[in-house]
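Asks: the following comprises the amino acid sequence and a computationally predicted model.
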Amino acid sequence: MAGPYDAFLLVSLGSPEGPDDIMPFLENVTRGRGILPERLEAVTHHYLALDGVSPINGQNRRLVAALRVAFDGRDIDLSIYWGNRNWDPFLTLKLERIHGDGNRRLLEFATRPSLEAAGLVGRLGVDKIRHYFDHPGFIRPFAEGLVPALTELAGEGYAAGDVRVFFTTHSIPLVAAALSRR
């Protein structure tokens, strides 16, 4: 039984799946942000070091497959869709398909924040599963790793005010990194 939902939607950023995808992907991600072409070119080398393939889409495919098995094993009759904001399968096209398939109530899990850019949100009821960033299961491993490190620093004579802890995304612009040191 599906309950009040017609479908489950996995929302992600997307990722290049080969060298030819890298620059178009980066252009999608940075569109309207005034990022210099030289910076985009520099970032392409990070992806090229991984043969042009980020693991995100592969991880999402495995998650969709695992969800299908879990749903079926619990008699949860929900269609499962996956859409990305910046790469294939594109979220906007996926939402059109979801709507065209007759679905109107979605349960969304986002590996990245927000469905706000998609134009069909007003025509689809969407309930979001809690974001991961403040979930105890996400925070606890960081805290468990941080406490011993801080204890070690205290043993080396560092006072609490001497130590700054910060978290960042997987890639911050060099200018932002430089500003964070001030």
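Replies: Structure's in. What do you need? All figures in this text were calculated on a predicted structure; none of them were measured in a lab.

Asks: can you give the contact residues for the lengthiest helix in the chain?
Replies: Assignment by DSSP state H gives helix 136-155 as the longest helix of the chain. Outside helix 136-155, the residues within contact range by C-beta atoms under 8 Å, 6 or more residues apart in numbering are 132, 160, 162-163, 165, 167. Bear in mind the C-beta positions are built from the backbone N, C-alpha and C, glycine included.

Asks: dump those residues to TSV, plus distance to Ser79.
Replies: Formatted as TSV, those follow (distance: C-beta to C-beta, whole Å):
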residue	distance to Ser79
Tyr132	23
Ala160	51
Asp162	53
Val163	49
Val165	42
Phe167	35
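
Asks: keeping just the C-alphas, turn the longest helix of the chain into PDB.
Replies: Coordinates of the C-alpha atoms in helix 136-155 are reproduced here as PDB (Å, rounded to 0.1, in the frame of the first residue of the first chain):
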ATOM      1  CA  PRO A 136      21.900  12.700  13.900                       C
ATOM      2  CA  GLY A 137      22.900   9.800  11.800                       C
ATOM      3  CA  PHE A 138      24.900  12.200   9.500                       C
ATOM      4  CA  ILE A 139      26.300  14.400  12.300                       C
ATOM      5  CA  ARG A 140      27.200  11.700  14.800                       C
ATOM      6  CA  PRO A 141      30.200  10.300  12.800                       C
ATOM      7  CA  PHE A 142      31.600  13.800  12.400                       C
ATOM      8  CA  ALA A 143      31.300  14.500  16.100                       C
ATOM      9  CA  GLU A 144      32.700  11.100  17.000                       C
ATOM     10  CA  GLY A 145      35.700  11.900  14.800                       C
ATOM     11  CA  LEU A 146      36.100  15.400  15.900                       C
ATOM     12  CA  VAL A 147      36.100  14.800  19.700                       C
ATOM     13  CA  PRO A 148      39.300  12.700  19.700                       C
ATOM     14  CA  ALA A 149      41.000  15.200  17.400                       C
ATOM     15  CA  LEU A 150      40.100  18.100  19.700                       C
ATOM     16  CA  THR A 151      41.200  16.100  22.700                       C
ATOM     17  CA  GLU A 152      44.600  15.400  21.100                       C
ATOM     18  CA  LEU A 153      45.000  19.100  20.300                       C
ATOM     19  CA  ALA A 154      44.200  20.000  23.900                       C
ATOM     20  CA  GLY A 155      46.900  17.500  25.000                       C
END
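
Asks: how far off centre is it?
Replies: 24 Å (C-alpha atoms, centre = their mean, to the nearest Å).

Asks: cool, stretch 65-73 as well?
Replies: Its chain's average C-alpha position is 21 Å from that of stretch 65-73, according to C-alpha atoms, centre = their mean.
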